[in-house]
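Trainee: Here is a sequence with its predicted model. Questions after.
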Amino acid sequence: MIYTITFNPALDYIMVVPSCRSGEVNRTESEKIMAGGKGINVSIVLNNMGVENTALGFISGFTGGAIENILADMNCKTDFIKLDNGFSRINVKIKSDAETEINGQGPDISDGAVKKLYEKLDSLNDGDTLVLAGSIPSSLSDSIYCEIMDYLKDKKLNIVVDATKDLLVNVLKYKPFLVKPNNHEIGEIFGVELKTRSEVVPYAKKMQEMGAKNVLVSMAGEGAVFVGENGEVYESEAPKGKLVNSTGAGDSMVAGFLAGYMEKQDFMYALKMGLSAGSASAFSENLATKEEILNVFKTI
């Protein structure tokens with residue numbers, strides 16, 4: 001079973017405004033509301049691919065209820081902890097001449113709520129996969145990822161971490177099964193600029209030396225690099241297609257990789273599925289469906 005954790009889920013309110021002018025009344029051309037958050041995105045794509053999983057996290061208020069209802073309508077399994085205070089955040093994304101995002105803060109998460117999360121994690125079994133993805137709300141310790149991995153260290157889990165900067169670096173000592181930075185994020189960690197796949201490889205290996213078992217580096221239009229615990233190194237160009245929406249593409253890559261690995265236990269196949277899922281989402285207005293992913297897979 002795969003579990004994802006999203007500490008700060010959101011309603012993404014996406015508005016297309018032909019010409020957005022500051023200080024004036026602007027009207028939308030189209031709009032939609034989606035459930036958002038990196039872990040939730042992973043869960044949605046896994047669900048679209050027919051891979052059973054459960055989305056964990058914290059929700060609150062009427063917006064939290066809306067997030068839960070949206071996922072229920074998509075037949076996504078959830079086991080959220082409901083907070084007594086505040087409301088789950090709303091992220092406003094304005095698509096115009098330029099893209100503008102205003103991300104909400106979200107509710108405070110109490111120690112009691114965190115304890116309930118640990119109680120849910122107690123039910124994980126050896127062989128399960130846990131995905132830790134995204135930023136940490138200000139009400140929680142920056143070390144929460146490390147604390148969770150330390151708590152679960154006696155279980156034989158495959159833990160996947162998709163995070164940035166210190167949040168990612170600090171978990172490496174716990175030997176996560178997979179980490180997925182993009183080329184800009186891994187470059188920021190090591191203080192370099194990485195533009196090509198060949199430039200990425202030695203730094204992905206450095207992350208292995210720091211503890212990561214497997215490193216998957218997404219590179220948008222440049223494709224991806226995978227460095228595996230068995231010593232294998234795979235590089236691939238990005239599939240051809242028109243970029244429609246980059247939001248959730250990296251999360252889709254994580255989902256596709258996990259779905260592929262669970263199916264065949266083969267890293268090359270998993271990378272191709274990851275690339276296919278990430279690209280299919282980038283080529284779509286919404287997160288990719290199984291049909292869209294398989295159509296892209298045929299082109300790799």
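Mentor: Everything's here; your move.
Trainee: Okay, buried residues for stretch 189-198 please.
Mentor: Buried residues in stretch 189-198, counted by 16 or more other C-beta atoms under 10 Å: 189, 194, 197. Where you see a C-beta, it was placed from the backbone N, CA and C, and this is true even at glycine.
Trainee: Ok, stretch 157-171 next?
Mentor: Neighbour count says stretch 157-171 has 157-164, 167-171 buried, by 16+ other C-beta under 10 Å.
Trainee: do the same with stretch 31-39
Mentor: Buried-residue list, stretch 31-39, by 16+ other C-beta under 10 Å: 34-39.
Trainee: do the same with stretch 211-227
Mentor: Per 16+ other C-beta under 10 Å, stretch 211-227 contains these buried residues: 212-220, 222-227.
Trainee: all strands for the protein, in order.
Mentor: Counting by DSSP state E, the chain has strands at residues 2-6, 10-16, 30-36, 53-60, 81-83, 89-95, 99-103, 129-133, 158-162, 178-179, 214-218, 224-227, 233-236.
Trainee: Let me see the ranges of the helices in the chain.
Mentor: Secondary structure of the chain (DSSP state H): helices at 38-48, 61-73, 111-121, 144-151, 165-169, 183-190, 197-209, 249-264, 267-282, 290-297.
Trainee: okay, the ones you listed in JSON lines with distance to Ala238 and mean pLDDT next?
Mentor: Listed next are these as JSON lines, based on distance: least, C-beta to C-beta, whole Å; pLDDT from 0 to 100:
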{"stretch": "helix 38-48", "distance to Ala238": "17", "mean pLDDT": "97"}
{"stretch": "helix 61-73", "distance to Ala238": "29", "mean pLDDT": "97"}
{"stretch": "helix 111-121", "distance to Ala238": "35", "mean pLDDT": "96"}
{"stretch": "helix 144-151", "distance to Ala238": "29", "mean pLDDT": "96"}
{"stretch": "helix 165-169", "distance to Ala238": "23", "mean pLDDT": "89"}
{"stretch": "helix 183-190", "distance to Ala238": "12", "mean pLDDT": "92"}
{"stretch": "helix 197-209", "distance to Ala238": "10", "mean pLDDT": "93"}
{"stretch": "helix 249-264", "distance to Ala238": "10", "mean pLDDT": "95"}
{"stretch": "helix 267-282", "distance to Ala238": "6", "mean pLDDT": "95"}
{"stretch": "helix 290-297", "distance to Ala238": "10", "mean pLDDT": "95"}
